[in-house]
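1. Sequence first, then the predicted structure, then my questions.
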Amino acid sequence: MDIHSYAQPGRIRVRHIELDLDVRFERRILEGSATLHFEPAEVPELVLDTRDLEIRSVENAAGFQLGARDPILGAPLTIPLARGAAWARIHYATSPDASGLQWLDPPQTAGRRHPFLYTQSQAIHARSWIPLQDTPAVRVTFDARVRTPAGLRAVMGAQMDGGRFRMDQPIPSYLIALAAGDLAFRELGPRSGVYAEPALVEAAAREFADTEAMIRAVEEMYGPYRWGRYDLLVLPPSFPFGGMENPRLTFTTPTILAGDRSLVSLVAHELAHSWSGNLVTNATWSDFWLNEGFTVYVERRIVEKVYGRERERMEAVLGRRELNREMTALAKRDRILHLDLTGRDPDDGCTLVPYEKGALLLATLESAVGRERFDAFLRAYFDHFAFRSITTADFLEYIRRELPNPVPLDEWIFRPEIPAGAAEPHSDAFARVEGGWPTDTGAWSTQEWLHFLRSLKRPDMPHLDHEFHLTESGNAEILSQWLLMAVQAGYAPAFPALEQFLCAAGRRKFLKPLYSALMKTPEGEARARRIYARARAGYHPIAQSTVDGIVGAPG
Ligand code: BES
Ligand code: ZN
């Protein structure tokens, strides 16, 4: 039972979707049809999820009825079916404000000459651009025809040939993805490549050169990559996430193009989802930790194999510290791995808890039973549940049978604390950068900089800036950390850079702490409002609603 969907997959299940869509940049809508195929109906109706869709007509059905709009769930679309009907075609258009679409004007792109569109379906936004059973418990195959204006290329997380797309492996709705814009492509390896605007594509190809090595690293541990190609798409800076694991085509923020591959653990993360998440999928959003906790664990194993143990240890320590910092501010119910999302949008459950507490549980299991046994377990888990959507209870039943272990699983998963006996990551490199004035920063990695900055108690901002030019940092992670400290310390020389950063990038992970910190003082609050008034229109609807919650909605 998925509380975030009106669909009734226990009664009737959609198996295949055929999309036929026009991308209309002038009106900011997608319009066309979705044909849903299901087993011959034995129930009188099919109930779908929609949000802000204009339903025009339904073929092969006795009309349709659009129910009342719920602010979180959207509106149920009820389609009366004749007995034995096996398909229905819905003609529809999206709203210009669709929560799962972002329509960018040319100035919001790198090339500044063409518009750009991309989808973000996770968690429950697919329903804002396709009428479907929008629950991760249901998996579908699909094919699609997408028409774009001349000169703009459409891409989907699917097999692509010309204007047609096909996904022959059953996937949950939150992984259906589309983008259109002025896109170039560079090959990275035998089965991988990168799409980006022409101005960025060379830099992206250099940054992501280790992609094939990463794919091989996971394959050695957890079995073959099952999706054919692994491509990346670099989106414009307003993309609200770091990355999104759309099958065959990871979407990423351009803010990881640091020039030195120091932020590519994000690629490792999205790639890892090809096993944890895309192959074995959370059945409900309360089971989100099965996606993200497993993925952070696998991400770190990739980083260890490709970039070495020291880099992996540093990232594990950074994650552990951030988890602690975030947990202290969270309500008890949000410190629990198996989330209680009653009455809430699943996007609100997206804290570091499913990510880092989940990964810590797996690291603890690994050290309890040994790496060899744990890897064998994980590999068998991915095989056993491949192409299925599972609950936390399914996981528990499986692990209790397959991997007897001394870890108190119920405590880890259903209680708000970090249980005693949790693995404790440690980094020798970090111990060296803590405290005192640094001398040998020349060889510091991004991770060391982050740890150093976060470990400062009362930072001497002018001195640090004078020595290390942090206000001018081109590394988005270091810059956002520095800007956060600047807000906290009232360090005015960084304020122009702060404003520029908040207007240029719409990644929620950066927006949230910066706006929250600004809101803590009256001057900061005024600054936040002024900046947000300028920046808001450029943010994705998801980021807008996050920042509305911090700064207040406009008007
Ligand atoms: N699947 C998530 C992004 C997501 C989560 C979108 C929930 C919508 C709802 C993706 O794999 C992810 O976790 N991205 C992280 C990066 C990661 C390295 C922690 C992000 O965007 O910051
Ligand atoms: Zn993830």
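-> Sure, I can see it. Residues are numbered from 1 along each chain as shown. Ligands and ions are numbered 1, 2, ... in the order given.
2. May I see the domains of this protein written out as residue ranges?
-> Following automatic domain parsing, one gets these domains for the chain: 1-101+114-179, 183-274, 284-414, 456-551.
3. first to last residue in the longest one, what's the distance?
-> End-to-end span of domain 1-101+114-179 (Cα to Cα, to the nearest Å): 31 Å.
4. In this protein, what helix or strand scores lowest on average pLDDT?
-> Sorting the helices and strands of the chain by mean pLDDT, DSSP states H and E puts strand 159-161 at the bottom, at a mean of 91.
5. Sheet-wise, list the partners of it with their directions.
-> Strand 159-161 sits in its sheet next to strand 164-172 (antiparallel), going by DSSP bridges.
6. and the partner strand, average pLDDT?
-> When pLDDT is averaged over strand 164-172, the result is 98.
7. Tell me how far that strand lies from the chain's centre.
-> Relative to its chain's centre, strand 164-172 lies at 19 Å (Cα atoms, centre = their mean, to the nearest Å).
8. The helix or strand just after that strand - contacts with which helices or strands?
-> As assigned by DSSP states H and E, the chain's next helix or strand after strand 164-172 is strand 178-181. In terms of contacts (3 or more Cβ pairs under 8 Å, 6 or more residues apart in numbering; DSSP states H and E), strand 178-181 is packed against strand 116-119, strand 139-147, strand 153-156. (Glycine included, C-beta is placed from N, CA and C.)
9. in which helix or strand would I find His20?
-> Check again: residue 20 is Asp, not His. According to DSSP H and E, Asp20 maps onto strand 14-24.
10. send the alpha carbons of that strand over as CSV?
-> Extracted C-alpha coordinates of strand 14-24, given in CSV (Å, rounded to 0.1, in the frame of the first residue of the first chain):
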residue,chain,number,x,y,z
VAL,A,14,-0.4,-1.0,-16.2
ARG,A,15,2.4,-2.8,-17.9
HIS,A,16,3.4,-0.7,-20.8
ILE,A,17,3.1,3.0,-21.8
GLU,A,18,3.2,4.5,-25.3
LEU,A,19,3.9,8.2,-25.3
ASP,A,20,3.4,10.6,-28.2
LEU,A,21,4.3,14.1,-27.2
ASP,A,22,5.0,17.5,-28.7
VAL,A,23,7.3,19.8,-26.8
ARG,A,24,5.9,23.3,-27.1
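11. Can you give the contact residues for the helix or strand just after that strand?
-> Moving toward the C-terminus from strand 14-24, the next helix or strand (DSSP H and E) is strand 29-38. Defining contact as Cβ atoms under 8 Å, 6 or more residues apart in numbering, one finds that strand 29-38 is touched by 12-24, 46, 48, 86-96, 98, 101, 129-132.
12. Can you flag the buried ones in those?
-> Buried members of these, counted by 16 or more other Cβ atoms under 10 Å: 12-14, 16-21, 23-24, 46, 48, 87-88, 90-95, 98, 101, 129-132.
13. Run through the residues that contact the most far-flung residue of the chain relative to its centre.
-> The centre of the chain is farthest from one residue, Arg83, which by Cα atoms, centre = their mean lies 39.8 Å away. Contact analysis of Arg83 by Cβ under 8 Å, 6+ apart lists 41-42.
14. let's see it at 6 Å
-> With contacts defined as Cβ atoms under 6 Å, 6 or more residues apart in numbering, Arg83 has no neighbours.
15. need the residues of this protein near ligand 1, please.
-> Within the chain, the positions near ligand 1 by Cβ under 6 Å from any ligand atom are 122-123, 241-245, 266, 269-270, 273, 292, 347, 350, 355, 509.
16. burial of the residue nearest to Ser173 when sequence neighbours are not counted, as a residue count?
-> Spatial nearest neighbour of Ser173, excluding adjacent residues (Cβ to Cβ, 6 or more residues apart in numbering): Ala126 at 4.3 Å. Per other Cβ atoms under 10 Å, the neighbour tally for Ala126 reads 25.
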